[in-house]
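Chemist: Model the structure of this input:
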Amino acid sequence: MASVVPQTWIDWTVTTAESFGLVGLFVVSATESAIQPVPPDLISWPMALGAGSPLELMAIILVVTLGSVLGSLAGYWIGSVAGDYVLTRFASEQSIGRLEWIMDRYGPFGVFFAALGPVPYKAIAWTAGAGSMPLAPFLISGAVGRLLRFSIPAVAIYLYGDAAIDWFTPMRFLVISVVGVVLMIPFFKWIRAFDPSSGEAMRTG
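Modeler: As a prediction, this is how the structure comes out:
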(Lines give C-alpha, C1' and ligand atoms only; values in the text may rest on other atoms or scores of the structure.)
Protein backbone atom coordinates (compact mmCIF):
# COMPACT_ATOMS: atom_id res chain seq x y z
CA MET A 1 0.00 0.00 0.00
CA ALA A 2 1.11 3.50 -0.84
CA SER A 3 0.21 4.92 2.56
CA VAL A 4 1.08 3.71 6.04
CA VAL A 5 -1.88 2.48 8.07
CA PRO A 6 -2.00 4.14 11.51
CA GLN A 7 -1.33 1.66 14.29
CA THR A 8 -4.33 3.01 16.21
CA TRP A 9 -6.61 2.03 13.31
CA ILE A 10 -5.08 -1.44 13.15
CA ASP A 11 -5.44 -1.93 16.91
CA TRP A 12 -9.05 -0.71 16.90
CA THR A 13 -9.99 -2.95 13.98
CA VAL A 14 -8.37 -6.04 15.48
CA THR A 15 -9.82 -5.46 18.96
CA THR A 16 -13.32 -4.82 17.62
CA ALA A 17 -13.24 -7.80 15.27
CA GLU A 18 -11.98 -10.14 17.98
CA SER A 19 -14.85 -9.12 20.23
CA PHE A 20 -17.30 -10.44 17.60
CA GLY A 21 -15.50 -13.74 17.03
CA LEU A 22 -16.11 -15.42 13.67
CA VAL A 23 -18.46 -12.64 12.57
CA GLY A 24 -15.74 -10.05 13.13
CA LEU A 25 -13.23 -12.23 11.29
CA PHE A 26 -15.60 -12.52 8.32
CA VAL A 27 -16.19 -8.76 8.17
CA VAL A 28 -12.48 -7.90 8.28
CA SER A 29 -11.65 -10.55 5.68
CA ALA A 30 -14.42 -9.41 3.33
CA THR A 31 -13.66 -5.71 3.63
CA GLU A 32 -9.90 -6.28 3.22
CA SER A 33 -10.65 -7.85 -0.16
CA ALA A 34 -12.57 -4.75 -1.22
CA ILE A 35 -11.18 -1.58 0.33
CA GLN A 36 -9.76 -1.52 3.89
CA PRO A 37 -6.04 -2.18 4.61
CA VAL A 38 -6.03 -4.38 7.73
CA PRO A 39 -5.29 -8.03 6.81
CA PRO A 40 -7.46 -10.76 8.36
CA ASP A 41 -4.34 -12.67 9.44
CA LEU A 42 -4.12 -10.34 12.44
CA ILE A 43 -7.37 -11.90 13.66
CA SER A 44 -7.23 -15.42 12.21
CA TRP A 45 -3.76 -16.27 13.53
CA PRO A 46 -4.55 -15.55 17.21
CA MET A 47 -7.87 -17.36 16.78
CA ALA A 48 -6.05 -20.39 15.36
CA LEU A 49 -3.63 -20.25 18.27
CA GLY A 50 -6.55 -20.37 20.71
CA ALA A 51 -8.65 -22.92 18.81
CA GLY A 52 -9.87 -25.68 21.10
CA SER A 53 -10.40 -28.37 18.49
CA PRO A 54 -9.79 -29.22 14.80
CA LEU A 55 -13.45 -28.43 14.11
CA GLU A 56 -13.05 -24.93 15.53
CA LEU A 57 -9.89 -24.47 13.47
CA MET A 58 -11.75 -25.56 10.32
CA ALA A 59 -14.48 -23.03 11.04
CA ILE A 60 -11.89 -20.25 11.33
CA ILE A 61 -10.28 -21.23 8.00
CA LEU A 62 -13.60 -21.48 6.17
CA VAL A 63 -14.92 -18.18 7.53
CA VAL A 64 -11.79 -16.19 6.67
CA THR A 65 -11.63 -17.77 3.20
CA LEU A 66 -15.32 -17.24 2.46
CA GLY A 67 -15.11 -13.63 3.60
CA SER A 68 -12.10 -12.99 1.40
CA VAL A 69 -13.70 -14.54 -1.68
CA LEU A 70 -17.06 -12.79 -1.27
CA GLY A 71 -15.38 -9.48 -0.49
CA SER A 72 -13.32 -9.80 -3.65
CA LEU A 73 -16.55 -9.49 -5.65
CA ALA A 74 -16.87 -5.95 -4.34
CA GLY A 75 -13.18 -5.35 -5.05
CA TYR A 76 -13.61 -6.67 -8.58
CA TRP A 77 -16.57 -4.33 -9.12
CA ILE A 78 -14.59 -1.37 -7.75
CA GLY A 79 -11.78 -2.21 -10.16
CA SER A 80 -14.15 -2.46 -13.12
CA VAL A 81 -15.68 0.95 -12.32
CA ALA A 82 -12.69 2.94 -11.07
CA GLY A 83 -9.70 0.65 -11.49
CA ASP A 84 -7.15 3.21 -12.65
CA TYR A 85 -8.03 5.62 -9.84
CA VAL A 86 -7.93 3.16 -6.94
CA LEU A 87 -4.81 1.42 -8.18
CA THR A 88 -2.81 4.61 -8.61
CA ARG A 89 -4.21 6.10 -5.40
CA PHE A 90 -3.73 3.16 -3.04
CA ALA A 91 -1.02 0.93 -4.55
CA SER A 92 2.55 1.58 -5.63
CA GLU A 93 3.37 1.78 -9.33
CA GLN A 94 5.73 -1.17 -8.96
CA SER A 95 3.05 -3.34 -7.35
CA ILE A 96 0.52 -2.40 -10.03
CA GLY A 97 2.93 -3.28 -12.81
CA ARG A 98 3.82 -6.61 -11.23
CA LEU A 99 0.19 -7.64 -10.72
CA GLU A 100 -0.86 -6.56 -14.21
CA TRP A 101 2.03 -8.50 -15.73
CA ILE A 102 1.20 -11.66 -13.77
CA MET A 103 -2.50 -11.55 -14.66
CA ASP A 104 -2.02 -10.60 -18.30
CA ARG A 105 0.56 -13.30 -18.83
CA TYR A 106 -0.87 -16.16 -16.76
CA GLY A 107 -4.56 -15.35 -16.24
CA PRO A 108 -6.17 -17.49 -13.46
CA PHE A 109 -2.81 -19.13 -12.83
CA GLY A 110 -1.44 -15.70 -11.89
CA VAL A 111 -4.44 -14.94 -9.68
CA PHE A 112 -3.82 -18.13 -7.75
CA PHE A 113 -0.13 -17.29 -7.32
CA ALA A 114 -0.93 -13.77 -6.09
CA ALA A 115 -3.79 -14.95 -3.84
CA LEU A 116 -1.55 -17.49 -2.15
CA GLY A 117 1.16 -14.97 -1.37
CA PRO A 118 1.27 -12.00 1.04
CA VAL A 119 -0.29 -9.58 -1.46
CA PRO A 120 -3.24 -7.38 -0.33
CA TYR A 121 -6.13 -9.20 -1.95
CA LYS A 122 -8.00 -6.03 -2.79
CA ALA A 123 -5.17 -5.07 -5.16
CA ILE A 124 -5.62 -8.39 -6.94
CA ALA A 125 -9.40 -7.89 -7.15
CA TRP A 126 -9.02 -4.31 -8.37
CA THR A 127 -6.55 -5.37 -11.04
CA ALA A 128 -8.75 -8.24 -12.20
CA GLY A 129 -11.77 -5.94 -12.41
CA ALA A 130 -9.85 -3.17 -14.17
CA GLY A 131 -8.56 -5.69 -16.70
CA SER A 132 -12.04 -7.21 -17.26
CA MET A 133 -10.82 -10.67 -16.34
CA PRO A 134 -13.64 -13.26 -16.63
CA LEU A 135 -15.31 -13.52 -13.23
CA ALA A 136 -15.59 -17.32 -12.91
CA PRO A 137 -11.88 -18.12 -13.27
CA PHE A 138 -11.02 -15.16 -11.04
CA LEU A 139 -13.28 -16.45 -8.25
CA ILE A 140 -12.25 -20.11 -8.56
CA SER A 141 -8.52 -19.39 -8.73
CA GLY A 142 -8.75 -16.86 -5.92
CA ALA A 143 -10.79 -19.19 -3.72
CA VAL A 144 -8.25 -22.01 -4.01
CA GLY A 145 -5.34 -19.63 -3.45
CA ARG A 146 -6.95 -17.98 -0.43
CA LEU A 147 -7.94 -21.31 1.09
CA LEU A 148 -4.32 -22.46 1.00
CA ARG A 149 -3.13 -18.99 2.02
CA PHE A 150 -5.16 -19.10 5.23
CA SER A 151 -5.14 -22.82 6.01
CA ILE A 152 -1.37 -23.43 5.84
CA PRO A 153 -0.40 -20.96 8.60
CA ALA A 154 -3.56 -21.66 10.62
CA VAL A 155 -2.85 -25.39 10.79
CA ALA A 156 0.83 -24.77 11.58
CA ILE A 157 -0.07 -22.31 14.35
CA TYR A 158 -2.66 -24.73 15.78
CA LEU A 159 -0.05 -27.49 15.88
CA TYR A 160 3.11 -25.59 16.83
CA GLY A 161 1.92 -22.40 18.53
CA ASP A 162 3.97 -19.21 18.67
CA ALA A 163 6.94 -20.85 16.96
CA ALA A 164 4.90 -21.14 13.77
CA ILE A 165 3.88 -17.46 13.92
CA ASP A 166 7.55 -16.43 14.05
CA TRP A 167 8.36 -18.76 11.14
CA PHE A 168 5.91 -17.28 8.59
CA THR A 169 7.96 -14.41 7.14
CA PRO A 170 7.13 -12.80 3.74
CA MET A 171 10.05 -14.63 2.08
CA ARG A 172 8.84 -18.00 3.32
CA PHE A 173 5.35 -17.15 2.09
CA LEU A 174 6.90 -16.52 -1.32
CA VAL A 175 8.53 -19.94 -1.26
CA ILE A 176 5.21 -21.51 -0.29
CA SER A 177 3.57 -19.67 -3.18
CA VAL A 178 6.06 -21.07 -5.69
CA VAL A 179 5.64 -24.62 -4.37
CA GLY A 180 1.86 -24.18 -4.41
CA VAL A 181 1.90 -23.06 -8.04
CA VAL A 182 3.84 -26.16 -9.06
CA LEU A 183 1.51 -28.47 -7.18
CA MET A 184 -1.60 -26.80 -8.62
CA ILE A 185 -0.66 -27.09 -12.32
CA PRO A 186 -3.17 -29.96 -12.88
CA PHE A 187 -5.93 -27.79 -11.42
CA PHE A 188 -5.19 -25.00 -13.88
CA LYS A 189 -5.31 -27.40 -16.80
CA TRP A 190 -8.91 -28.05 -15.75
CA ILE A 191 -9.79 -24.39 -15.19
CA ARG A 192 -8.94 -23.55 -18.83
CA ALA A 193 -12.45 -24.73 -19.62
CA PHE A 194 -13.73 -21.56 -17.93
CA ASP A 195 -11.26 -19.22 -19.63
CA PRO A 196 -9.65 -20.67 -22.78
CA SER A 197 -7.44 -17.59 -23.17
CA SER A 198 -5.60 -18.50 -19.98
CA GLY A 199 -4.43 -21.75 -21.52
CA GLU A 200 -3.05 -19.87 -24.50
CA ALA A 201 -1.28 -17.45 -22.16
CA MET A 202 0.38 -20.30 -20.30
CA ARG A 203 1.47 -22.03 -23.51
CA THR A 204 3.03 -18.87 -24.89
CA GLY A 205 4.62 -17.79 -21.55
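Chemist: CA atoms for contacts and neighbours, from now on please.
Modeler: Will do.
Chemist: Go ahead and confirm residue 49 touches residue 165.
Modeler: No. Contact status for residue 49 versus residue 165: not in contact, 9.1 Å apart, counting by Cα atoms under 8 Å.
Chemist: hmm, who's touching stretch 152-162?
Modeler: Contact with stretch 152-162 is made by 44, 45, 48, 49, 50, 51, 57, 61, 163, 164, 165, 168, as judged by Cα atoms under 8 Å, 6 or more residues apart in numbering.
Chemist: Report the mean confidence score over whatever helix or strand residue 140 lives in.
Modeler: Residue 140 belongs to helix 135-160 when assigned by DSSP states H and E. What helix 135-160 shows for mean pLDDT is 91.
Chemist: which residues sit in contact with residue 171?
Modeler: Listed by Cα under 8 Å, 6+ apart, the contact set of residue 171 is empty.
Chemist: Can you classify it as helix, strand or coil?
Modeler: Three-state call for residue 171 (DSSP: H, G, I helix; E, B strand; the rest coil): helix.
Chemist: Can you tell me how far it is from residue 49?
Modeler: As defined by Cα to Cα, to the nearest Å, residue 171 lies at a distance of 22 Å from residue 49.
Chemist: ok, now residue 158?
Modeler: Look at residue 158 and residue 49: by Cα to Cα, they are 5 Å apart.
Chemist: can you check residue 43 too?
Modeler: For residue 43, the distance to residue 49 equals 10 Å [Cα to Cα].
Chemist: These two: which has the busier surroundings?
Modeler: residue 43 (24 against 20; other Cα atoms under 10 Å).
Chemist: give me phi/psi at the more buried one?
Modeler: The phi and psi values for residue 43, taken as degrees, to the nearest 10, are phi -100, psi -40.
Chemist: got the buried residues for the longest helix seen in the chain?
Modeler: Secondary structure of the chain read by DSSP state H shows that its longest helix is helix 54-90. Residues 57, 60-80, 83, 86-87 are the ones in helix 54-90 that count as buried (16 or more other Cα atoms under 10 Å).
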